[in-house]
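K.L.:
dropping the sequence and predicted coords here.
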Amino acid sequence: MSTAQMLNRRMDFRSDTVTQPTEGMYQAMLSAPLGDDVYADDPTVNRLEAVVADMTGKQNALFVSSGTQSNLIALLTHLHRGEEFLAGSEYHVISYEAGGSSALGGAIACGLPTAANGQISISEMLGAIKQDDSHFPMTKLLSLENTVSGRVQPYRYMHDITAAARKAGLQLHLDGARLMNAVVASGTSLQDYANLFDTVSLCLSKGLGAPFGSVLVGPSDFIKRARRLRKMLGGGLRQAGIAAAAGLYALEHHVERLAEDHQLARQLAEALNQHADAVVDLDAVETNMVFLTLPADRGLKLQAALAEQDIIISGPSLYSEVSTFRLVTHLDCSPLAVEKLADAVKQFLAH
Ligand SMILES: *Cc1c(COP(=O)(O)O)cnc(C)c1O
């Protein structure tokens, strides 16, 4: 590990996006052949796009700067102004992307009730499809997510809901920001998941540990139109191979190891659960996220107390009586750091 990396390495459980490139990843970035990707002649970007298209069994792929940009481009390519997409109201496309598809593309979002396991019901999904009537937007797309807040969406459920949506004439998009976590945790293959959808977005900068970048995959004519939108949105990057090299390295070296993040999350959940005031639903810990619930009055001071020990966590979501904290494990978490976090929470609760 370089000195810069050691200085930068804190015990940071806010997200799996906080990771620093590893030495091997830096080497891959340094030695990557580069070109100008707006002219489509950056060999490293072209290789990443070919690799991800192949891995997912899709015709073509587009390297984009973020997961938000990937979903935005996908939605705007699927939908015309005044057309509607269905998604869980808790899903990232509806709740955490600044309303981009509506603000910039006139696409209408219809949010459906999302169960604790991340699923939406098939009957509610079908019930939300509008009739062809001049009062209503035209429902054209179902957008799903996997994982949802760390919960794996099982193949059987995804198969059944996408089959029902397709039968009803909808197009299908998957926000697979953390799809690799679902693949590693469930044993369902990437291609089996991807086959259910027209388009899939994958993040390289979450658990996979690249500094930035996502890949959108789909049919060739779709990706051709998506490429124009990427340029329109200011996402045409030049020597982008420097980032694509990190993505390729991540796909080669950081997929199987996601199991370690999942193991650490379980270790953390079990340690926290021993304390009477801490509530963790162990069955909900399927990948790299742990949700810790404390009585609201205790929860308000936890973040500051941990910060004093150089342990960084996100602030709580507040529901009347309780505070819920999302704790995320990743490439830069060690078993020791997880132990320290669990001990620090227990110490805090003891006072
Ligand atoms: C992080 C995330 C995104 C967006 O990715 P950014 O690179 O942060 O824009 C989209 N969907 C889900 C489910 C995510 O977790």
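P.N.:
Perfect, I can see it now.

K.L.:
can we go C-alpha only for contacts and neighbour counts from here?
P.N.:
Noted.

K.L.:
strands of this structure, start to end?
P.N.:
11-12, 60-64, 83-88, 108-112, 138-145, 171-176, 199-203, 214-218, 289-295, 311-312, 317-319, 322-328 (DSSP state E).

K.L.:
pLDDT averaged over the fifth one - what is it?
P.N.:
What it means is strand 138-145. Per-residue pLDDT values across strand 138-145 average out to 98.

K.L.:
other SSEs contacting that strand?
P.N.:
If contacts are counted by 3 or more CA pairs under 8 Å, 6 or more residues apart in numbering; DSSP states H and E, strand 138-145 sits against strand 83-88, strand 171-176.

K.L.:
and the contacts of it?
P.N.:
For strand 138-145, contacts defined as CA atoms under 8 Å, 6 or more residues apart in numbering pick out 78-79, 82-88, 91-92, 129-132, 153, 165, 169-177.

K.L.:
could you tell me the angle between it and strand 171-176?
P.N.:
For strand 138-145 against strand 171-176, the angle by axes from the mean of the first three to the mean of the last three CA atoms, to 10 degrees is 20 degrees.

K.L.:
what angle sits between strand 138-145 and strand 83-88?
P.N.:
Interaxial angle, strand 138-145 versus strand 83-88 (the same axes, to 10 degrees): 30 degrees.

K.L.:
quick check: angle from strand 138-145 to strand 108-112?
P.N.:
60 degrees.

K.L.:
give me the sheet partners of strand 138-145 and which way each runs.
P.N.:
Here strand 138-145 has these sheet partners by DSSP bridges: strand 83-88 (parallel), strand 171-176 (parallel).

K.L.:
again, but for the first one
P.N.:
Partners of strand 11-12 in the sheet, by DSSP bridges, are strand 311-312 (parallel).

K.L.:
show me how far the strand it pairs with is from its chain's centre.
P.N.:
Offset of strand 311-312 from its chain centre (CA atoms, centre = their mean, to the nearest Å): 22 Å.

K.L.:
same thing with stretch 202-222?
P.N.:
10 Å.

K.L.:
over to stretch 67-83?
P.N.:
Its chain's average C-alpha position is 17 Å from that of stretch 67-83, according to CA atoms, centre = their mean.

K.L.:
buried ones in it?
P.N.:
Within stretch 67-83, the residues scored as buried using 16 or more other CA atoms under 10 Å are 67-79, 83.

K.L.:
surely residue 217 and residue 61 touch.
P.N.:
Yes. Applying CA atoms under 8 Å, one finds residue 217 in contact with residue 61, separated by 4.2 Å.

K.L.:
I appreciate the help and will end here.
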